[in-house]
Each structure stands twice: as structure tokens, then as C-alpha cells.
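K.L.:
the amino acid sequence is not available; the structure is as follows:
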């Protein structure tokens, strides 16, 4: 959906993600593949821009909590929000 082809089913499972040496490069390549573009149009495909849109299509982030890196990010983000008093409790 991030690249405009919502019926595409290319991808990886959550458990495979932490085994990747360069997950960002792999995500960019998966986006290029899923775009269906060839030749010059594929080389000009803005994978970084499309990668930023991936989170827009995630309704439930809980499966990502299986990833140690995501848990670390979530914890660090929580500490920053608390330290900067960006969160107000009702």
C-alpha cells in the first residue's frame, strides 16, 4: 500500500527481520520489487520516501514488540516523552 499496489503480498515475517544485516536496504528492495516497475522507472523509484509511508498503514504495532530493537525504541521514546513532559495524564 505504501507504494500504491495494495494487493501485493511480497514481504518478510516478523521473526526474519532481526536476522537481516541491513533491514533498511532490504525494505527498500522489497518496496522496489513490489512496485512492479522495471528499468529506469525502477531505478528512479524513491524507496526512502515510500518506506516512511509504511507506518501509515500499520494498524497494530503489537507484533513488532517481538523485535528487541522495537522494544528498545519504544522504551527510549517513552523516556524522552516523560523527560520532556510531552505527556499529560488526565
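P.N.:
Now that the structure is in, tell me what you want to look at. As the structure is a prediction and not an experimental result, all values here were calculated from the model.
K.L.:
domain map for this protein?
P.N.:
What automatic domain parsing lists as the domains of the chain is 1-59, 60-90.
K.L.:
can you list the buried residues in the last one?
P.N.:
To tie it back to what came earlier, the one meant is domain 60-90. 64, 67, 70 (16 or more other Cβ atoms under 10 Å). The C-beta positions use only the backbone N, C-alpha and C, and glycine is treated the same way.
K.L.:
so the residue nearest the centre of the chain, which state does it fall into?
P.N.:
With distances taken as Cα atoms, centre = their mean, the residue of the chain nearest its centroid is residue 54 (5.2 Å). The local conformation at residue 54, judged by DSSP: H, G, I helix; E, B strand; the rest coil, is helix.
K.L.:
how close does it sit to residue 47?
P.N.:
11 Å (Cβ to Cβ, to the nearest Å).
K.L.:
what residues are shared contacts of those two?
P.N.:
With contacts taken as Cβ atoms under 8 Å, 6 or more residues apart in numbering, residue 54 and residue 47 have residue 27 as neighbours in common.
K.L.:
mind putting the domains of the chain into CSV with mean pLDDT?
P.N.:
Output for the domains of the chain, formatted as CSV (pLDDT from 0 to 100):
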stretch, mean pLDDT
domain 1-59, 82
domain 60-90, 89
